[in-house]
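Asker: no sequence on hand, only this structure:
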């Protein structure tokens, strides 16, 4: 439902000054991707598949690697023995982790007299369009990835291509060194491309065919080199005689239908609009409905080295940020690849819980895993971070709430939440009449050092309380399991909701009080990239700011967080921070944070970096560490400007910075299966339209004051906002509009 007409900027002009692949135009079908960039008289086509893995290696789960053993070692002070419970496999004397692999690129050299003069991404068609000056006049090149196959197509208006050179990643020194270290054979050259055999994974063949005006590239797997080549050649033969426009009609229709569904926003800041729409575009390319769950770089891994952090699944923030916009942007199907993958991992998650805490009815997910759910190694404290599991449960619950999917809620979310909670319960111990979590983490704080673990981390406590709160809501609604509800209620009553400590005094503000600590005795002592101790604000929404005591603790924590600054933040820290600022009523700071994200952590292509661009802004500096989650999560932060769902209430336009007097949105989805549109003019909200997909109660924080005009079918009536909230029951399929009440009721209106 797009009740307000907005003309989105679906076409993005692209810089022709590209120095490496991530400056390029991204194309993808959710599995196969390409980056289109330029170097002199050559068009570069960096390609990759999101399922191109070397699965060997990873963390060894030792027989004595149990929670009881870990707790004993840590309490005795033997941290080194505890760390050694989680060794990573080695190969040729070096640590070997499962890893996504670089693939390579094609270099398309232009004919003499052909020069690039323009480039743009047409997001609605998922097509790169390059303009050239030729002796015959202006000509265009169209580049696209076919929606249902691993096929890249280049079509030219006239004969512009002089030559095409295939360059597998093994040609680059960093990749060659990795290949040689871990016994991956060099690729074998074949006509039009190469074949890459892997020690334990399927062989991949990358093959091309070209003429002066067309180029086709396919990347297919096979059990042998010959089978892979045959598969790629068969793919090319299917498309060889096709007209480009006819062949890609389905691709364009597919993308166009996704954009028709997606929420639109309008703000008088083209940079923020580009950030939103490109973030949605990249989310779809990284988690296309029906395809592969999102990784750190998706199908856009670089060609000159293997992607950082194995391009794996990081479940302590990164996967989540890759999907945050799916809810508000009304693209819920983008979440399903993740849920499908998690469902396939359930036997592994159950085995993890059995090994770790000895229970048969639990799920446990480590923070860094491959596409089979196996831990890849690295920061071992993340392997015991059970909040990874409950965070997935939160995403599942949020999907059900936004979709109004009762069946999914009861059949999938409820049992998953129980099994996530069961592991936490097994990790608890009695502390007098209360419960405690003696071994817990606050993600990445302290890394893998002894300073990386503590008692009753706020992050763990927030996760447990989220599970308890939602499980009890479901029990009240459906009466599912009274005995389990009693246990859940007992935990909620006796486990602290968070950990606090004395406020850290600041030179300019020395008022006494308390603030959130990372865990017992550990305040936020330094700038830290992971805002885990503030996760009760977002995304878990467990902190009730209407309670003055809670609000005081949170705002003290906010001030300390601001005081520590951004000196150790990464790119993905920024959109999360923007949302936190906005949830706490700081829309101008939320906006500034996104502007800083663009300037300090984004390339001209709006691709986001882990590290900062400027030495001095952050201690993480270096341009090559592309990670995609920040540019996607930025879209979620933009959506928060327009619509926020906070503890059962919907806020409209409260997150738009004061400088913007004009703003509008259409088709933003909210919890309760509502679709909303709204318009702001001259600094005031002039309309809000709500479509309810199910029989539900709308609780809207009134943007109109104590009264609003309700347009319901043919009726116009005045509604009161009791306590600032307009509460209205809507029928499935019903649409209503709210406007300012005006000076008088007018004929035919009534007060309700």
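Answerer: Received, thanks. The model shown is predicted, which means the values in this text are computed figures rather than measured ones. Numbers count the residues shown, from 1 in each chain.

Asker: show me where the stretch 351-500 of the chain has helices.
Answerer: Assigned by DSSP state H, counting those that start in this stretch, the stretch 351-500 of the chain shows helices spanning 387-403, 406-408, 414-427, 458-478, 482-494.

Asker: against which helices or strands is the fourth one packed?
Answerer: Read it as helix 458-478. Packing partners of helix 458-478 (3 or more Cβ pairs under 8 Å, 6 or more residues apart in numbering; DSSP states H and E): helix 387-403, helix 414-427, helix 482-494. The C-beta positions use only the backbone N, C-alpha and C, and glycine is treated the same way.

Asker: about what we covered before: the helices of the stretch 351-500 of the chain: which one's closest to residue 33?
Answerer: helix 387-403 (23.6 Å; Cβ to Cβ).

Asker: tilt between that closest one and helix 414-427?
Answerer: 150 degrees (axes from the mean of the first three to the mean of the last three Cα atoms, to 10 degrees).

Asker: from the chain's centre, how far out does helix 387-403 sit?
Answerer: Chain-centre distance of helix 387-403: 13 Å, with Cα atoms, centre = their mean, to the nearest Å.

Asker: how about residue 703: what's its closest non-neighbour residue?
Answerer: residue 685 (4.0 Å; Cβ to Cβ, 6 or more residues apart in numbering).

Asker: which ones are touching the one you found?
Answerer: Residue 685 is in contact with 652-653, 678-679, 703-704, 740, counting by Cβ atoms under 8 Å, 6 or more residues apart in numbering.

Asker: that one should be in a helix, yeah?
Answerer: No. Under DSSP: H, G, I helix; E, B strand; the rest coil, residue 685 sits outside any helix and is assigned strand.

Asker: so what's it bridging to?
Answerer: Beta-bridge pairing for residue 685 (DSSP bridges): residue 680.

Asker: show the pLDDT at it.
Answerer: With respect to pLDDT, residue 685 has a value of 97.

Asker: residue 750 now?
Answerer: For residue 750, pLDDT reads 45.

Asker: how about residue 744?
Answerer: 48.

Asker: residue 632: which element?
Answerer: helix 629-642 (DSSP states H and E).

Asker: and if you look at residue 501?
Answerer: strand 500-502.

Asker: show residues contacting that strand.
Answerer: 512-517, 520-521, 523, 553.

Asker: got those as a markdown table, with neighbour count columns?
Answerer: Formatted as a markdown table, the contacts of strand 500-502 follow (neighbours: other Cβ atoms under 10 Å):
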| residue | neighbour count |
| --- | --- |
| 512 | 8 |
| 513 | 14 |
| 514 | 14 |
| 515 | 22 |
| 516 | 27 |
| 517 | 25 |
| 520 | 17 |
| 521 | 11 |
| 523 | 20 |
| 553 | 19 |
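
Asker: can I get these in a markdown table including distance to residue 301, pLDDT and secondary structure?
Answerer: A markdown table is the format used below for the contacts of strand 500-502 (distance: Cβ to Cβ, whole Å; pLDDT from 0 to 100; DSSP: H, G, I helix; E, B strand; the rest coil):
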| residue | distance to residue 301 | pLDDT | secondary structure |
| --- | --- | --- | --- |
| 512 | 51 | 85 | coil |
| 513 | 47 | 90 | coil |
| 514 | 45 | 95 | strand |
| 515 | 41 | 96 | strand |
| 516 | 37 | 98 | strand |
| 517 | 38 | 98 | coil |
| 520 | 41 | 97 | coil |
| 521 | 41 | 96 | coil |
| 523 | 38 | 96 | coil |
| 553 | 43 | 97 | helix |
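
Asker: which one of these is nearest to residue 136?
Answerer: Set against residue 136, the nearest of those by Cβ to Cβ is residue 516 (66.5 Å).

Asker: wait, what's in contact with the residue nearest the centre of the chain?
Answerer: By Cα atoms, centre = their mean, the chain has its centre lying nearest to residue 322, at 1.3 Å. Listed by Cβ under 8 Å, 6+ apart, the contact partners of residue 322 are 283, 286-287, 294-295, 298, 628-629, 632-633.

Asker: from residue 426, how far off is it?
Answerer: Per Cβ to Cβ, to the nearest Å, residue 322 is found 30 Å from residue 426.

Asker: residue 295 too?
Answerer: 30 Å.

Asker: and the two? Which one has more around it.
Answerer: residue 295 (29 against 18; other Cβ atoms under 10 Å).

Asker: tell me which residues touch the residue lying closest to that one once chain neighbours are set aside, please.
Answerer: Counting by Cβ to Cβ, 6+ apart, the nearest residue to residue 295 once its immediate chain neighbours are dropped is residue 311, at 5.1 Å. Residues near residue 311 by Cβ under 8 Å, 6+ apart: 99-100, 295-297, 301.

Asker: so what pLDDT did residue 548 get?
Answerer: At residue 548, the pLDDT recorded in the model is 96.

Asker: show the backbone phi and psi for it.
Answerer: phi -60, psi -40 (degrees, to the nearest 10).

Asker: same check on residue 649?
Answerer: phi -120, psi 150.

Asker: span of stretch 436-453 from start to end?
Answerer: For stretch 436-453, the first-to-last residue distance is 14 Å (Cα to Cα, to the nearest Å).

Asker: show me which of the contacts of residue 685 are buried.
Answerer: The neighbour-count criterion (16 or more other Cβ atoms under 10 Å) marks 652-653, 678-679, 703-704 among these as buried.

Asker: sorry, back to before: and the contacts of residue 322, which are buried?
Answerer: Applying 16+ other Cβ under 10 Å to those flags 283, 286-287, 294-295, 298, 628-629, 632-633 as buried.

Asker: check the residues you listed and tell me the two furthest apart.
Answerer: Every pair of the buried ones among the contacts of residue 322 checked by Cβ to Cβ; the farthest is 295 and 633, at 14.6 Å.

Asker: domain ranges for the chain?
Answerer: Following automatic domain parsing, the chain resolves into domains at 11-54+101-261, 264-291+566-640, 323-327+338-561, 661-751.
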